[in-house]
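Visitor: The sequence and its predicted three-dimensional model are supplied below.
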Amino acid sequence: MLYTAPQHDNDSYDDQTIRDYYSGQYRFDSLKSGVAIHGGRNTYLRSIDDTAQIKPQISFIFLIKGDLQFSLGKQDYCFTAGEQGRCIMLSLNDSIRFRRVTFAGQSHEKVVLRGMERWFADTNASLTLSKAVYRQAVRDWPLTANMRQGCEAWLADANDKDPLHKDMLGMKLLNISWQHFIQLELGQVSELELRLQTLLEQGVFDVQQMADALHMSTRTLQRRAVEQLGKPLGAWVTEHRLMRAKQLMVEEKKSIAEAAWLVGYQHSSSFIHAFRRAYGITPKIFIEGYQTHE
């Protein structure tokens, strides 16, 4: 049965309302800086058709696991975290109707930061930058390692009573996300890099397959990689594969063999060799060192 919630102002959400909708570890923090942050890991207890009137805002949604579907006005959006996760930025310069339909048993993990718009209202922010922010209502990018680490740090901080520490974690995550947006807006992160990151997320690690997917020759792709990534494509791919493998072994507790396979190494020996060449230690020593500091 689909439960239709009454239309409401999005700011009327509170912890008790959330508990009526789903179970899991979910919390709200209002930072001293004026930024609001909420999120966690949860499963919906019932199917819900929820409509809210959203005020003008700039928000970041970090979708770590699961799917996210919503409508803004008459426009529908659908995002999937996949292996890497997604960062979704909302830039709304006017009030708009927000609708979200979720289903019983659906699970996800996400963190939401709200309240950036106050800096544009309270200061003489650059008019050019202000126009750039609101030029597009919804943007999304692959979740970066720094964003993921920021989310994990905040999620792990649930029982911390120190308000200063909470503000620091929230503002650090906000700064990471804002700087990423600025880099994209100024062209410091190229479209090519974003497309290559998406291919890696889809399990494409072979240079020829990447070139085919991007409809260019391998020679052209290699040349553009050096121009836009600052290094040969093979080196860039290896770097990101190993970063993802570290994440799998530490955060998802995958074995060395599983992590190697998930990032495209058919033989664990090849993965171990690449890991040791990049970091100076074997994956086993890396895991043991991390576990001793937990």
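Guide: Thanks, I have the structure now. Numbering: from 1, shown residues only.

Visitor: Now for Arg97, how many residues are close by?
Guide: 13 (other C-beta atoms under 10 Å). All C-beta spots, glycine's among them, are computed from the backbone N, C-alpha and C.

Visitor: And whichever helix in the chain runs longest, how far out from the chain middle?
Guide: What stands out as the longest helix in the chain, according to DSSP state H, is helix 163-185. The gap between where helix 163-185 is centred and where its chain is centred comes out at 13 Å by C-alpha atoms, centre = their mean, to the nearest Å.

Visitor: low pLDDT regions in the stretch 101-250 of the chain?
Guide: Flagging of the stretch 101-250 of the chain using pLDDT under 70 yields the residue ranges 120-131, 158-160, 186-189.

Visitor: could you pull out the strands for it?
Guide: 107-114, 138-142 (DSSP state E, counting those that start in this stretch).

Visitor: and these as TSV, adding mean neighbour count and distance to Leu63?
Guide: Below are the strands of the stretch 101-250 of the chain laid out as TSV (neighbours: other C-beta atoms under 10 Å; distance: least, C-beta to C-beta, whole Å):
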stretch	mean neighbour count	distance to Leu63
strand 107-114	20	5
strand 138-142	17	9
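
Visitor: looking at those strands, which is closest to Leu92?
Guide: strand 138-142 (9.0 Å; C-beta to C-beta).

Visitor: Can you spell out which helices and strands pack onto that closest one?
Guide: Contacts defined by 3 or more C-beta pairs under 8 Å, 6 or more residues apart in numbering; DSSP states H and E place strand 138-142 against strand 75-80, strand 86-92, helix 163-185, helix 191-201.

Visitor: Go ahead and name everything in contact with the last one.
Guide: When contacts are defined by C-beta atoms under 8 Å, 6 or more residues apart in numbering, helix 191-201 is touched by residues 82-84, 141-142, 184, 209-210, 213-214, 224-225, 228-229, 233, 236-237, 240-241, 244.

Visitor: Mind checking which of those are buried?
Guide: Taking 16 or more other C-beta atoms under 10 Å as the criterion, what is buried in the contacts of helix 191-201 is 82-84, 141-142, 184, 210, 213, 225, 229, 233, 236-237, 240-241, 244.

Visitor: This completes my enquiry, with thanks.
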